[in-house]
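> sequence and predicted structure below; questions after.
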Number of protein chains: 2
Amino acid sequence: MKIGILGTGVVGQTIAEKLVQLGHQVMIGTRDKQATLAKTGKDNFGRPPFSEWLRNNSKVQFGTYSEAASFGELLVNATSGTGSIEALKLAGENNLAGKVLLDISNPLDFSKGMPPSLTICNTDSLGELIQRTFPKLKVVKSLNTLTAYLMVNPGLLPEPTNIFLNGNDAEAKSEVKKLLTTFGWNEKDIIDMGDITTARGTEQLLPIWVRLWGTLQTPMFNFKVVVAGK
Amino acid sequence: MKIGILGTGVVGQTIAEKLVQLGHQVMIGTRDKQATLAKTGKDNFGRPPFSEWLRNNSKVQFGTYSEAASFGELLVNATSGTGSIEALKLAGENNLAGKVLLDISNPLDFSKGMPPSLTICNTDSLGELIQRTFPKLKVVKSLNTLTAYLMVNPGLLPEPTNIFLNGNDAEAKSEVKKLLTTFGWNEKDIIDMGDITTARGTEQLLPIWVRLWGTLQTPMFNFKVVVAGK
């Protein structure tokens, strides 16, 4: 499949690598190609600059948001939450219309210090805002509740854990679910929470997630929902 | 130990029953004793009226918020979140000063329909509000992330799950942790998140909790934090 990824950070890179391994054609998109290539030095996670990553992942095509959105039959939103709406606007409504968007973004607000708070929550969510702003896009929120490396390597945890789906379109959720199983997720561990308003629940997992990262001193963890009688 | 519980709903009743089983002296408190006793008919959970529960649990003493707070060496806040501050004011600052409060409340807002949103979240929490309003109280938030029956019967789940502690006072957290182990929790499964601001994380678990209740069609579940390499 042709897949367009918006966002060149750790999430975009990790998803791109996995998709290439799985045999997909992948284009990763950014706002300003020259600016992204010109970045030097390691990022906040100690990772090498994007240009180096791109050299090491030569099967990944590189474009603008608009080019990546036009390229993809399925799209992935791996931008930071505060930049998601603008990135999708730059991608262009015509390039989004009718397509499935796997939305991994979280509305994290780092402007008030650490740990981050949320820019939108409680009676709304970023998933809903994206769906409202781009009504022809089929938004499916998932994978936003764990660290990038585990998104594509769930088997690194000592036992199966859960991820969630939030979205209005049943077919789109089914398509994303199928893709996630190729990442290593068991179908039974992918919980369909319901329509896109249920993203309020999954996005509000982040406040405990960021604090658990501090408490556990590692981002390599995930939640498992343990149910009585199961 | 002498323990005072504020709140006569399902959480207060369930905790009271467990504490009596464990040999503690327990007083459960309410705003207006006559009004609470006068309630007839089942509650929202299909439970019989409080007066019937009280007859069946004759070892539990019954008093006002003030009487229960005065009685207890350790206190439990089992009121609904929107009523917690008022209940604690009625309990009386003198009856609270210097005591540990196990705060089980959640700031659930049912006024905007189902599922509930939160009255306070993101950059503040009910736990913090209680601690700020009653600075001499030693607030320890815990048990607010699962259904009442599981709070005191964690072994009903097919595997160990996690609960959290949020609070400023290390000794108070240690005391609550000890009490929770007598409820059946393994010490290693009780995660100390840090100071009371970390209640922002645990209280914001509720938005996904209430939606999982709907999805799973049962409240008998809890979260387990699965960590790589453990």
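Thanks, I have the structure now.

> A:Glu73 touches A:Lys2, doesn't it?
Yes - in this structure, A:Glu73 is within contact of A:Lys2 by Cβ atoms under 8 Å, at 4.9 Å. Yep, even glycine has a C-beta here, placed from its N, CA and C like the rest.

> quick check: the residue most central in space within chain A vs chain B, distance?
Centroid-nearest residue in chain A: A:Ile104, 2.3 Å away (criterion: Cα atoms, centre = their mean). Distance, A:Ile104 to chain B, using Cβ to the nearest Cβ, to the nearest Å: 17 Å.

> what's the answer for A:Asn153, then?
A:Asn153 sits 10 Å away from chain B, going by Cβ to the nearest Cβ.

> show the pLDDT at A:Leu129.
Each residue has a pLDDT score; the one for A:Leu129 is 98.

> nearest spatial neighbour of it, chain-adjacent residues omitted?
Excluding its sequence neighbours, the residue lying closest to A:Leu129 (Cβ to Cβ, 6 or more residues apart in numbering or on different chains) is A:Ile120, at 6.3 Å.

> list the residues that contact A:Pro116.
A:Leu108, A:Asp109, A:Phe110, A:Leu206, A:Val210 (Cβ atoms under 8 Å, 6 or more residues apart in numbering or on different chains).

> in this structure A:Ile120 contacts A:Arg132, no?
No - in terms of Cβ under 8 Å, A:Ile120 does not count as a neighbour of A:Arg132; the distance is 11.5 Å.

> neighbour count winner among these two?
The residue with more neighbours, out of A:Ile120 and A:Arg132, is A:Ile120; 18 against 11, by other Cβ atoms under 10 Å in any protein chain shown.

> one step back: overlap in contacts, A:Ile120 and A:Arg132.
Contacts common to A:Ile120 and A:Arg132, judged by Cβ under 8 Å, 6+ apart, are absent.

> SS state for the residue nearest to A:Thr197 when sequence neighbours are not counted?
In space, and not counting its chain neighbours, A:Thr197 is closest to A:Glu128: 6.0 Å by Cβ to Cβ, 6+ apart. Recorded secondary structure, A:Glu128: helix (DSSP: H, G, I helix; E, B strand; the rest coil).

> show me what contacts the closest residue to A:Glu93 other than its chain neighbours?
Sequence neighbours aside, A:Phe134 is the residue nearest to A:Glu93 in space, at 6.6 Å (criterion: Cβ to Cβ, 6+ apart). Neighbouring residues of A:Phe134 by Cβ under 8 Å, 6+ apart: A:Leu88, A:Glu93, A:Leu96, A:Leu101.

> which stretches of chain A form strands?
Ranges of strands in chain A, per DSSP state E, are A:2-6, A:25-30, A:61-64, A:74-77, A:100-103, A:108-109, A:117-118, A:138-141, A:163-167, A:190-194, A:221-227.

> can you put the ones you listed in a markdown table and add mean neighbour count and mean pLDDT?
Shown next, in a markdown table, are the strands of chain A (neighbours: other Cβ atoms under 10 Å in any protein chain shown; pLDDT from 0 to 100):
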| stretch | mean neighbour count | mean pLDDT |
| --- | --- | --- |
| strand A:2-6 | 25 | 98 |
| strand A:25-30 | 25 | 98 |
| strand A:61-64 | 18 | 98 |
| strand A:74-77 | 26 | 98 |
| strand A:100-103 | 28 | 98 |
| strand A:108-109 | 18 | 97 |
| strand A:117-118 | 22 | 98 |
| strand A:138-141 | 29 | 98 |
| strand A:163-167 | 25 | 98 |
| strand A:190-194 | 19 | 98 |
| strand A:221-227 | 20 | 98 |
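
> under the pLDDT cut-off, which ranges of chain A? List them.
Across chain A, nothing is flagged by pLDDT under 70.

> thought A:Met220 was touching A:Leu156?
Yes - look at A:Met220 against A:Leu156 with Cβ under 8 Å: they come within range, at 7.0 Å.

> show me which of the two is the more surrounded one.
Taking neighbours as other Cβ under 10 Å, A:Met220 and A:Leu156 compare with A:Met220 leading, 18 against 13.

> got a list of what that one touches?
Applying Cβ under 8 Å, 6+ apart to A:Met220 gives the contacts A:Thr147, A:Tyr149, A:Leu150, A:Leu156, A:Leu157, B:Val227, B:Ala228, B:Gly229.

> surely A:Thr202 meets A:Asn162?
No - in this structure, A:Thr202 is not within contact of A:Asn162 by Cβ under 8 Å, at 10.5 Å.

> more neighbours, these two?
A:Thr202 (25 against 22).

> skipping adjacent residues, who's closest to the more buried one in space?
A:Phe164 (4.8 Å).

> so what's that neighbour up against?
A:Lys141, A:Ser142, A:Thr145, A:Ile190, A:Ile191, A:Asp192, A:Met193, A:Thr198, A:Gly201, A:Thr202, B:Ile208.

> hang on, the earlier thing: residues contacting the residue nearest to A:Leu129?
With Cβ under 8 Å, 6+ apart as the criterion, the residues that contact A:Ile120 are A:Pro107, A:Leu126, A:Leu129, A:Glu203.

> so who does the first one touch?
A:Pro107 is in contact with A:Gly81, A:Thr82, A:Leu118, A:Thr119, A:Ile120, A:Cys121, A:Ser125, A:Leu126, A:Glu203, counting by Cβ under 8 Å, 6+ apart.

> same check on the second one?
Under the criterion of Cβ under 8 Å, 6+ apart, the contact partners of A:Leu126 comprise A:Gly81, A:Ser84, A:Asp103, A:Ser105, A:Asn106, A:Pro107, A:Thr119, A:Ile120, A:Ala199, A:Glu203.

> please apply the same query to A:Gly72.
Contacts of A:Gly72 (Cβ under 8 Å, 6+ apart): A:Lys2, A:Ile3, A:Gly4, A:Ile5, A:Met27, A:Lys99.

> nearest residue to A:Phe223 in space, please, no chain neighbours.
In space, A:Phe223 is closest to B:Phe223, 5.2 Å off (Cβ to Cβ, 6+ apart).
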